[in-house]
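**Q** curious how this folds, go ahead:
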Amino acid sequence: MDRDRKKLLDYWLITAREDLKVMDSFYEKKHYPYSLYFGHLILEKALKGYYVKTINKSTPFTHNLTYLADKCRLTLNTEQKELLETVTRFNVEVRYPDVGFKFHKLCTRKFTQEHIQEIKEFYNWLIKQI
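**A** Predicted coordinates for the structure are as follows:
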């Protein structure tokens, strides 16, 4: 791997790890929607790191996790695909809430905790692939 590509890979992986800390911090402070938003960032950055490692090109300009996984040529099971679709929606729901803040109300401690667990499992699985 050339130096520039290694530098880009390190960037994605380091920032994903830092965002993992932020996700946990938001969760601890009960800022559940923002915790899930950072869960999205973690997976996006890890997928972009995987892309740099395996495809050897600049990453696509997208926040769509399913699209990124497809571009990475990852073989995912149904649960993993559904998780990426769900977490992609977290990005949009937090950034552009509806007038009633439905997503914010949906983000209970239990809901958030369950999704954080799934995000961490996928993240750890993906990092092992890199």
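**Q** could I get the contacting residues of the residue positioned nearest the centre of the chain?
**A** Among the residues of the chain, the one closest to the centroid is Leu43, at 2.1 Å (C-alpha atoms, centre = their mean). Leu43 is in contact with 65, 84, 87, 119, 122-123, 126, counting by C-beta atoms under 8 Å, 6 or more residues apart in numbering. For every residue, glycine as well, the C-beta is placed using N, CA and C.
**Q** swap in 6 Å and give it another go.
**A** Going by C-beta atoms under 6 Å, 6 or more residues apart in numbering, Leu43 touches 65, 87.
**Q** how much space between it and Leu126?
**A** Going from Leu43 to Leu126 by C-beta to C-beta, to the nearest Å gives 8 Å.
**Q** and Gln117, by the same measure?
**A** For Gln117 relative to Leu126 (C-beta to C-beta), the value is 15 Å.
**Q** quick one, longest helix in this structure?
**A** helix 3-28 (DSSP state H).
**Q** so how far is Gln117 from the residue lying farthest from the centre of the chain?
**A** Most distant from the centre of the chain: Asp2, at 25.9 Å, with distances by C-alpha atoms, centre = their mean. Asp2 sits 37 Å away from Gln117, going by C-beta to C-beta.
**Q** same check, this time on Leu74
**A** Leu74 is 20 Å from Gln117, by C-beta to C-beta.
**Q** who has more neighbours, the two?
**A** Leu74 (17 against 10; other C-beta atoms under 10 Å).
**Q** how about that one, secondary structure?
**A** coil (DSSP: H, G, I helix; E, B strand; the rest coil).
**Q** measure Lys45 to Tyr11 for me?
**A** For Lys45, the distance to Tyr11 - C-beta to C-beta - is 9 Å.
**Q** Pro60 now?
**A** Pro60 is 16 Å from Tyr11, by C-beta to C-beta.
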